[in-house]
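Peer 1: missing the sequence, but the structure's below:
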């Protein structure tokens, strides 16, 4: 029984501290965050984005085995290192790009959309760079659709947001689930209720323990008083017996 209570107490503390830790991280990120031009939150020069299409999914026609960032299926979470705001730093950032790097960028079709594709070529121009990109997933019968961005054209609706430096399919599924009402219930509300329940049980257990301790102490005190009365009674009986013998 004691071991079970101890385990419950430890479990409650672990869940509570984990929940508070996540809450603290969320508050910190919110405090440090700024919003990009397309509304995505940027924290310390990085963005977390969900990939919504299979344009970067694995394809037999595309070999990405030599690239640091491989195929990216839909619903993946990607970590994007944004282009520096300082022009000199931005120029150095673009100069470090290579063919095969994956960029996230804004591009105008009928409407402006956010796209994540791989660099096919990057060429230095008189001012800035000309970057040609395309998705990895090239279905049979479809021609290669490319996007071209001229980095020096700061007024263009086509511009780079950043470079993909990390990806996770499982994290994307988790975040996608978190965005749904059922995910919010399962991943936030339910753990919060469990934490509250475990804390209530711990408090009840502590109160019960205090009551039992007080009852035990009261019983021990009564036993000591009875023992003292017995000793006094024994002494009185001894005194009376000596009196009778003396008489």
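Peer 2: Yep, that arrived. The structure displayed is predicted, hence computed values, not measured ones. Residues are numbered from 1 along each chain as shown.
Peer 1: show me the shaky parts of the protein.
Peer 2: 1-39, 41, 140-143, 177-192, 237-247 (pLDDT under 70).
Peer 1: roughly how far apart are residue 127 and residue 64?
Peer 2: Look at residue 127 and residue 64: by CB to CB, to the nearest Å, they are 31 Å apart. For the C-beta atoms, the positions are set from N, CA and C on the backbone; glycine is no exception.
Peer 1: of the two, who's got more company?
Peer 2: More neighbours surround residue 64 than the other of residue 127 and residue 64, with 17 against 10 (other CB atoms under 10 Å).
Peer 1: quick one, phi psi at the more buried one?
Peer 2: phi -120, psi 20 (degrees, to the nearest 10).
Peer 1: how much space between it and residue 51?
Peer 2: Distance from residue 64 to residue 51, by CB to CB: 15 Å.
Peer 1: please apply the same query to residue 88.
Peer 2: 31 Å.
Peer 1: please apply the same query to residue 148.
Peer 2: In this view, residue 148 and residue 51 are 21 Å apart by CB to CB.
Peer 1: for those two, indicate the residue with more neighbours.
Peer 2: residue 51 (23 against 12).
Peer 1: hmm, the more buried one is touching residue 116, no?
Peer 2: Yes - counting by CB atoms under 8 Å, residue 51 touches residue 116, with 5.9 Å between them.
Peer 1: mutual contacts of those two, please.
Peer 2: Common neighbours of residue 51 and residue 116, counting by CB atoms under 8 Å, 6 or more residues apart in numbering, are 72, 78.
Peer 1: have a look at this structure and report its longest helix.
Peer 2: helix 190-246 (DSSP state H).
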